[in-house]
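J.: Next input, structure requested:
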Amino acid sequence: MRLEKDLIGELEIDEEVYYGIQTVRACQNFSISGRTVELYPHLIRSMAFIKKAAALSNHSVGVLEQEKKIVICQAADEIIDGKMTNQFPVDIYQGGGGVSINMNVNEVIANRANELLTGHKGYDYIHPNEHVNMSQSTNDVLPSAMKMACFFYIEDLLISLNKIESSLVDKVDEFSSIVKIARTCLQDAVPITLGQQFSGYHSFIKRQVEDIKKLQKECLSIIVGATAVGTGIGAAPGYTEKMYEYLPEVSNLSVYKEENFFDGLQNADIYIKISAYLKGLSSGLSKVSSDLRLLSSGPRAGFAEINLPAVQPGSSIMPGKINPCIPEMMMQVCFDVYGNDQAITFAVDRGELDLNIWEPIILKNLFESFSILTNGIRLFTEKCLDGIEVNKKICLNNAEKSLSLSIVISSLFGYRVANEVALEAHEKNSTIKEVVVEKGLLKEEEASKLLNPENLTDSVKMHHLLNFITAK
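T.: As a prediction, the model looks like this:
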């Protein structure tokens, strides 16, 4: 054990760990959820990037010695490389505006740097506040690290989005000739192709990719150098300018100084924008998942137009039952994102005066939404979308029997006549084609062309046919 002290008193710290007394106090004070900072590796890496750049900057302006700079940078590099992932035990639910997170990182770097320099842990040469946190405040470090982490989380999400977009492109092509019935208000509408239906899904995802790339750029505007309230007090002269030289180099991100530090500290609306995007993405993914559940329902007493890959038995009591459990998983992920968005909104709203102190709950919910969507989309693509198969006969049969084909009769003979045709077809359980031929409205050959569901999926082709029949 080693003994550490702070302004409250002394505590014995396990010699094996690299964190120190303030981290231990935080663990004692905030033992809430078991969800610790180590669950957010992009945040930890971003914090380490800032600490390394700060050491380089402080040395550059002459306030940090060469040997201290070297070991602080080396310790930060180990964190960046993922070698210290078990050294961040602070619960994400915490008071104090994230000081516990910042000090956890400071203590790990200080103890490891001291060990590199002297052979043992402790702060006799490298101190977490005096050296690792030099020219910094939790108030500018944590929000800046959060935005950088968002950039990395978006990178992960884009990998999943690119995969689902590619899968949907393939399905649009594969299903381009599959004629089926469209549905509005869950009732039969006019024929479309399954490829056309899936093209709507693809267009949605493509738009989401374009939107998140624009939003990702906003994550590069940070407030390093603002320190406590935006004035830069406590930072060494020249430090801030150097940070915007070193941090892009260290992190490989084109970060830049936010226009107004006071705005950056007071307002956290960027997280509402990001969360709103994730909520919007979720709404579309949930809709697609719900559609797939409906289209695959049955298999004997539902739509049964498509078959989803069977990934597990669907019942503990009914043999042979298979459930659409991957779309159901995806929908539950989306429901969770909606709830996270609500918590983020409250936290951003409650920022008071010169600082929003609710970053821990913001980052917890935002990063959770990123993670579950990234993983959920990947599984949804691999275990569901990629393996969808079509029941062609059912799709075509539904389209041929639809009373909505009467829209063609309406174009030729008016709405009233078409309505009578549809009603008679419904009462006789006949097709629109059978009724119009029987009533002498169209010849068999004409009806076969005009009421072919495949032709109805193309408005241009349909228009030419109508003109041809009318001219005759």
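J.: What residues of the strand or helix carrying Thr345 count as buried?
T.: When secondary structure is defined using DSSP states H and E, the element that contains Thr345 is helix 325-349. Buried residues in helix 325-349, counting neighbours by 16 or more other Cβ atoms under 10 Å, are found at 325-327, 329-331, 333-334, 336-337, 340-341, 343-345, 347-348. Using the backbone N, CA and C atoms, a C-beta is placed for each residue, glycine as well.
J.: max-length helix in this protein?
T.: For the chain, the helix with the greatest residue count under DSSP state H is helix 138-174.
J.: Tell me which helix or strand comes right after that one.
T.: Sequence-wise, the next helix or strand downstream of helix 138-174 (DSSP H and E) is strand 179-184.
J.: Grab the nearest non-local neighbour of the spatially most central residue of the chain.
T.: Within the chain, the residue whose C-alpha comes closest to the C-alpha centroid is Phe370; the distance, by Cα atoms, centre = their mean, is 4.1 Å. Spatial nearest neighbour of Phe370, chain neighbours left out: Tyr153 (3.9 Å); criterion: Cβ to Cβ, 6 or more residues apart in numbering.
J.: Check the contact between the one you found and Leu363; I expect there is one.
T.: No - Tyr153 is beyond contact range of Leu363, at 10.1 Å (criterion: Cβ atoms under 8 Å).
J.: For Asp77, which three-state class applies?
T.: Taking DSSP: H, G, I helix; E, B strand; the rest coil as the rule, one finds Asp77 in the helix state.
J.: Quick one: end-to-end distance for stretch 34-47.
T.: Start-to-end span of stretch 34-47 (Cα to Cα, to the nearest Å) is 21 Å.
J.: in that stretch, what counts as buried?
T.: If you call a residue buried by 16+ other Cβ under 10 Å, then stretch 34-47 has these buried ones: 36-47.
J.: Please pull out the lowest mean pLDDT helix or strand from the protein.
T.: helix 459-471 (a mean of 68; mean pLDDT, DSSP states H and E).
J.: Below-threshold pLDDT in the stretch 151-300 of the chain: ranges please.
T.: Counting by pLDDT under 70, not a single residue of the stretch 151-300 of the chain qualifies.
J.: which residues of it fall in strands?
T.: Taking DSSP state E, counting those that start in this stretch as the criterion, the stretch 151-300 of the chain carries its strands at 179-184, 187-193, 221-222, 256-257.
J.: Any buried residues in stretch 306-325, and which?
T.: When burial is assessed from 16+ other Cβ under 10 Å, stretch 306-325 yields the following buried residues: 306-308, 311, 322-325.
J.: Give me the pLDDT value at Ser315.
T.: As summarised for this prediction, Ser315 has a pLDDT of 83.
J.: Can you classify it by secondary structure?
T.: Each residue gets one of three states, and Ser315 gets coil by three-state DSSP.
J.: just checking, it touches Lys321?
T.: Yes - because the distance of 4.0 Å satisfies Cβ under 8 Å, Ser315 is recorded as touching Lys321.
J.: Please tell me how far Ala418 sits from Leu405.
T.: Ala418 is 10 Å from Leu405, where distance means Cβ to Cβ, to the nearest Å.
J.: go on, Met148?
T.: For Met148, the distance to Leu405 (Cβ to Cβ) stands at 57 Å.
J.: same check, this time on Ser31
T.: Distance, Ser31 to Leu405, using Cβ to Cβ: 66 Å.
J.: Those two: who's more crowded?
T.: The residue with more neighbours, out of Ser31 and Leu405 and counting by other Cβ atoms under 10 Å, is Leu405; that gives 28 against 11.
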